[in-house]
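Asker: Next come a sequence and a model predicted from it.
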Amino acid sequence: MNGSCVLPGPIALPAGNDLAGVATADGEPMVLNDPTQPAAAATAGGRNIETQAWLTVLDIHGELFSRLNRTLMREFSITLAKFDVLAQLYRPPGGMTQGMLSRQLKVTGGNVTGLTRRLVADGLIDRKMSATDRRAFIVRLTPAGSSLYLAARARHDELLQSWLEPVSASELDNLKAILNRLSRTVPRSRQGEPS
């Protein structure tokens, strides 16, 4: 790599960033926060900058998700969805209820039930009725699940480091700061409210 970074389109970065050499995917120099350009000039194909940013995030997510899923299946015989369950259950030593797991993963209870059933069958987690609430089930990692998770996590992190290596640590820090700001800015939907 020649030290330059190719981005798929315009991106707004915090003031004071020196990004000389940054170009769009078509090789054109990227103009960031140019006060001489009207906001409408930042649109491509009639889409506003917010939509372009969202589509770029989706594109990157889709590509990385697909690569990680294929590798985890090939090397560890687990999907990325199963890996995510194991990751959530690795944190609390006593496990958690399936309802809490559903909220952590931001998926429906039905999705969690199916995933936990398959992980129990694989011997990676166990599922027991809660001693305090007979309507709830507690799920936790088995020793085999913990070992598999740690091995898969090491490979997961190694792959991401390799794939994102062309982007400098300071650029990734800037990106993380922007994404965290967006996470705080985007309104959260509440149950019963229209999305």
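Answerer: Yep, it's here. Numbering: from 1, shown residues only.
Asker: Find the residue ranges of this protein scoring beneath the pLDDT cut-off.
Answerer: Applying pLDDT under 70 to the chain flags residues 1-44, 189-195.
Asker: for the chain, what's the longest helix?
Answerer: Of all segments of type helix in the chain, defined using DSSP state H, the longest is helix 49-76.
Asker: Now do that one: which elements does it pack against?
Answerer: Contacts defined by 3 or more C-beta pairs under 8 Å, 6 or more residues apart in numbering; DSSP states H and E place helix 49-76 against helix 80-90, helix 143-164. To be clear about C-beta, it is placed using only N, CA and C from the backbone, and glycine gets the same treatment.
Asker: What lies in contact with the shortest one?
Answerer: Contacts of helix 80-90 with the rest of the structure, by C-beta atoms under 8 Å, 6 or more residues apart in numbering, involve 65, 68-69, 72, 76, 78, 95-96, 101, 104-105, 112, 115-116, 118-119, 122, 124-125, 139-141, 145-146, 148-150, 152-153, 156.
Asker: The helices and strands packed on helix 49-76 into JSON lines, with extra columns for distance to Thr132?
Answerer: Shown next, in JSON lines, are the helices and strands packed on helix 49-76 (distance: least, C-beta to C-beta, whole Å):
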{"stretch": "helix 80-90", "distance to Thr132": "19"}
{"stretch": "helix 143-164", "distance to Thr132": "23"}
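Asker: could I get those helices as a markdown table with mean neighbour count?
Answerer: A markdown table is the format used below for the helices and strands packed on helix 49-76 (neighbours: other C-beta atoms under 10 Å):
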| stretch | mean neighbour count |
| --- | --- |
| helix 80-90 | 20 |
| helix 143-164 | 14 |
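Asker: For Arg188, find the nearest of those helices.
Answerer: Minimum separation from Arg188 across these (C-beta to C-beta) falls at helix 80-90, 19.4 Å.
Asker: Restricting to C-alpha, output the closest one in PDB.
Answerer: Provided in PDB are the C-alpha atoms of helix 80-90 (Å, rounded to 0.1, in the frame of the first residue of the first chain):
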ATOM      1  CA  LEU A  80     -21.300 -15.600  13.200                       C
ATOM      2  CA  ALA A  81     -24.700 -15.700  14.900                       C
ATOM      3  CA  LYS A  82     -23.600 -18.500  17.200                       C
ATOM      4  CA  PHE A  83     -20.300 -16.700  17.800                       C
ATOM      5  CA  ASP A  84     -22.200 -13.600  18.900                       C
ATOM      6  CA  VAL A  85     -24.300 -15.700  21.400                       C
ATOM      7  CA  LEU A  86     -21.100 -17.200  22.800                       C
ATOM      8  CA  ALA A  87     -19.500 -13.700  23.100                       C
ATOM      9  CA  GLN A  88     -22.500 -12.400  25.100                       C
ATOM     10  CA  LEU A  89     -22.400 -15.500  27.400                       C
ATOM     11  CA  TYR A  90     -18.700 -15.300  27.900                       C
END
